[in-house]
Structures are given as structure tokens and as C-alpha cells.
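K.L.:
Whatever this is, show me its structure:
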Amino acid sequence: MNSSSSISSSKYLSLTNLPLFTPLHLSFLFLHLTILVTGDSPPPYVPLDSIALDCGSSSQSFVNGRQWTADINSKVALLDQDGPSTNPTENGASTSSVPYYTARVSLSQFTYTFPVTTTGPKSFASISIQLPTLVSTDEQKNLSITFTPSPHVADAYAFINGIEIVSMPTNLYYTAGDDPGMYDVNHEVSLPLQKDTALEIMYRVNVGGGEITPPNDNGMFRSWLSDPDYLTDARPSAFQFNGTIQLQYNNHTRYAAPDVLYRTARTMGPDSTVNKKYNMTWEFPVHSTFTYLVRLHFCQFIPIILQKGDLVFKIYIANQTAERYADIISWADGYGVPIYKDYIVMMDAGGNEGIQNLSIALHPIQSTNALDAMLNGAEIFKLSKSDNLAGPNPDAYPDSPVSNTPRASTKPQHSRRRTVAIIGAAVSGIVVVSVLFLLIFRRRVQKFSPKIQGLGFW
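P.N.:
Here you go, the predicted structure:
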């Protein structure tokens, strides 16, 4: 089955996880009141729309306090299909596997239509192998997602396990009016992120902390992975945690990430001699020839780092300078204030099969209190290119059914015959030279050593 996806021209934010069977959130952006919050963690975001659809299922389920609605005779989604070939499948697993133990599989196109509370910019998410090719809304406040088997692959299926729709705060990922926007590290300018650009979530990472599962996110059911699998140089790094600090959220960061992410971090460690000799580095495999939004989350909560200039460092993204003088307290205008910074970088063609590593590296600058660097979290989004987010399809594995028959060589037959002829001529030449050498050597032996010949040496 073809695993590529394409997104039609739209005004919607598309959040799609790279690994298969990873939940994504079809999310709406709504205006919300923003206030300064101190003390305890702010209340979680309450979405106006929260839909979890269990595709291919005939009964609803409750998982981690979240209701998953069956798509058969569903009241939250209308299913429209081309032809009778749509086939719900169910393997009989326990409800703890929801929505992964059911699926809707089809050789023909099918569409889900969801009634929503408002029109406007939206984000899209699904759990699937063959990703949807369309996200759209109309004046009737409907959101449609269409799944189409690839026309380029014989007997291709469209496949979907589940769909989640969750409203999101306005301007969480798009540039607001007073926001300077994203810093373009290739061209050293700031650019706004417009709502006609689609995004695909590639990675969300809780740096220095553990995995954050969707029920533990702050109301938007996002998944945040721990960072060790992506950390490539930290010798050694140090984990930081502050569970008692009163975090102060501003109007940009109240729902940017869960509270625990801003209470954990990774630093380079206390050895300044070691720190100044390397960059603390993470690497993330991404598709080449796309532009990426990199969002870095920071919150300075280390007790001895209280003033501007106490801890400063450089930031490199994809081996290019993103920040020459990063000072978290200066950016956030205070100690214990969460903040994030957005950067965009173009990944040129390169790497194996269109995949290469996008690196994030921090290097310390000598400051008043420490020679160190610090990071709390990171998000990486792929930006749409020509209304398309599709990466290259991976080659089939040697033991897969479609590739277990040896492929015919693409080299012409006459090239192989020519190669055989060259090898044969070379072997023949070696044999002729060897025979001539032996004959010459034998005559010389016969001339100068007749006794040896009599002993039967030849």
C-alpha cells in the first residue's frame, strides 16, 4: 500500500505524525482569553469540539477517560463511500487497543464528514497508513476528510484506524498580529506563518523528561516523547527538575506545552572545561527538500540562574546559526516564565533515499554564573510544498511479498556479455603468459642443470 499523502490547497493546519499508527489531532483554532497565570498549573484547555472516531468499529469504547465513537451508524460523522468495497475489519483485541484493533479498509475512495461548531482555520489529524488527501470545510460548518487509494499502485487500499478532532487555541501555531514570526535561519530574516500553510508534526520531544501521553497533555491530547533516542552528543549532560517553582505563563505560552515540560530540562552539566569543547546535539531524521518549522521551548528555573546574562548560549539548527546570544530570562522577561522560539530551515536535497538528519545544537557562551546551555522541549513541523506534504515512499523490504522475486537487472544484455568477454580474455592472457614462462624456465634448467632433469623434476 502506498503510504504517501498529499494535502490539497486549503487554509488548514495539518498535524500528521510520521510513525504509523500515531494519533494526530484534527484541531480547530479558537480565540481565547489570555491572562498571566501564577502559582499552580493553569487549568487545561477545554476544546469546543472533541471527537474521537474508532473506524471500522460497531460499538463505542472508553480509553483513558476518553470516549471513542464507532463509525458505523455514527452520530458524529457521516460516511460516504464510492462503491461497496469498503470493508470494516476487527481483530477481536481488548478495548485497551482502541482505536488500533479496528480499521476501515477500502479499494475505493471514502469520505468522513464531521459537523463542527465553526468555520475557519483548522488542523487535521488521523491514525492511518494511507493518509487522507483532502481537508476542507464549507459554509454548512462541515469538515470533510477523504481517503483515496493511490492510483499509482495496483490494488492499493485506503486504510484508517481512527480520527481525532480537537479544537485548539487560536494562533498557537500561526503568527499573530504582534508576533515577530519565525526566524529563517537560511536567509536571516523573520517571516510570519500564514494560515494557508499546512504543517505536519514530525516530532514532539520533552527534553530532559519522560514521555508525556495524550491524557497528560494540557487538554489537546498531544504526545511528547523523551529525548534520549535523538540525543547524539552530550558528554555528559545533566537532568534538571523543579517541581516547586511557580511558573508564570503569558498570553503566548499558556497552552503551548504541558506544565511538566517547563519544569524539566537538559543542561550540559557543571564541567565548564568539557562544555566549551562540544555542542550538546540532537538529530531528527526528516525528508529532504522540505522547509521545517522548529519550535524550541525554554523556561529558566535553575535557582542560581536568576538574572539576565547568568546563562547564555548559541543555537545551531541544521548546522546553521539560529541564535548568536540566547538568554532565556531576557527573552521571557523573568525567571520561571515559559517561552518558545520559532525557526524555519530548508533541508536541501541530500541523504540516503531522501532522508537526512535535522540537527539542533547548543553551545555555551562564557557568562557571569555558568558556561552551560539549556533546553526544555522541541517540536518539528514539516511545511507544505506546493500544497503537498508527501515524502518519498520507502523501498519494499527484500522479504516482502512484492519483492521476493529477484528483480531483473536494468543493465543491457550486451553489457553483461561484454563484461564476460573481458574477464575471459584476461584469464586467457594469464594462462598464455604462465605457459610461456614455464617453457622458457624449463629450457634454461635443461641447459644448465642436466642432473636435475634426470632426477625427474619435470
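
K.L.:
any idea where the helices of the stretch 101-250 of the chain begin and end?
P.N.:
Assigned helices in the stretch 101-250 of the chain: none (criterion: DSSP state H, counting those that start in this stretch).

K.L.:
Quick check: buried residues in stretch 198-213?
P.N.:
Residues of stretch 198-213 classed as buried: 198-209, 212 (neighbour count, 16 or more other C-beta atoms under 10 Å). C-beta here means a position set from N, CA and C on the backbone, and glycine is covered the same way.

K.L.:
Sorry, wrong one. I was asking about stretch 47-67.
P.N.:
Buried residues in stretch 47-67, defined by neighbour count with 16+ other C-beta under 10 Å: P47, D49, S50, I51, A52, L53, D54, C55, G56, S57, S61, V63.

K.L.:
for these, which one is nearest Y249?
P.N.:
Nearest to Y249 out of those is P47 (C-beta to C-beta; 18.3 Å).

K.L.:
Checking my notes, the closest one in a helix, right?
P.N.:
No: P47: not assigned to a helix; according to DSSP: H, G, I helix; E, B strand; the rest coil it is coil.

K.L.:
Just flag the most distant two among the buried residues of stretch 47-67.
P.N.:
Using C-beta to C-beta, the pair of these lying farthest apart is P47 and G56, separated by 24.6 Å.

K.L.:
Would you report which members of the buried residues of stretch 47-67 are assigned to strands?
P.N.:
S50, I51, A52, L53, D54, S61, V63 (DSSP state E).

K.L.:
Mind listing the residues bridging to the fifth one?
P.N.:
When assigned by DSSP bridges, D54 has beta-bridge partners A70, G162.

K.L.:
Quickly note the distance from it to V105.
P.N.:
For D54, the distance to V105 equals 14 Å [C-beta to C-beta, to the nearest Å].

K.L.:
Tell me the pLDDT of the residue lying closest to G334 once chain neighbours are set aside.
P.N.:
Distances taken as C-beta to C-beta, 6 or more residues apart in numbering put Q248 closest to G334, at 6.4 Å, once the chain neighbours are dropped. On the pLDDT scale, Q248 is placed at 95.

K.L.:
Could you report the neighbour count for Q248?
P.N.:
Using other C-beta atoms under 10 Å, Q248 has 18 other residues around it.

K.L.:
for F159, same thing?
P.N.:
Using other C-beta under 10 Å, F159 has 22 other residues around it.

K.L.:
got a list of what E379 touches?
P.N.:
I201, Y203, R204, V205, L293, V294, R295, H297 (C-beta atoms under 8 Å, 6 or more residues apart in numbering).

K.L.:
Now the last one: closest residue in space that isn't a chain neighbour?
P.N.:
Using C-beta to C-beta, 6+ apart and skipping the chain neighbours, the partner closest in space to H297 is G377 (3.6 Å).
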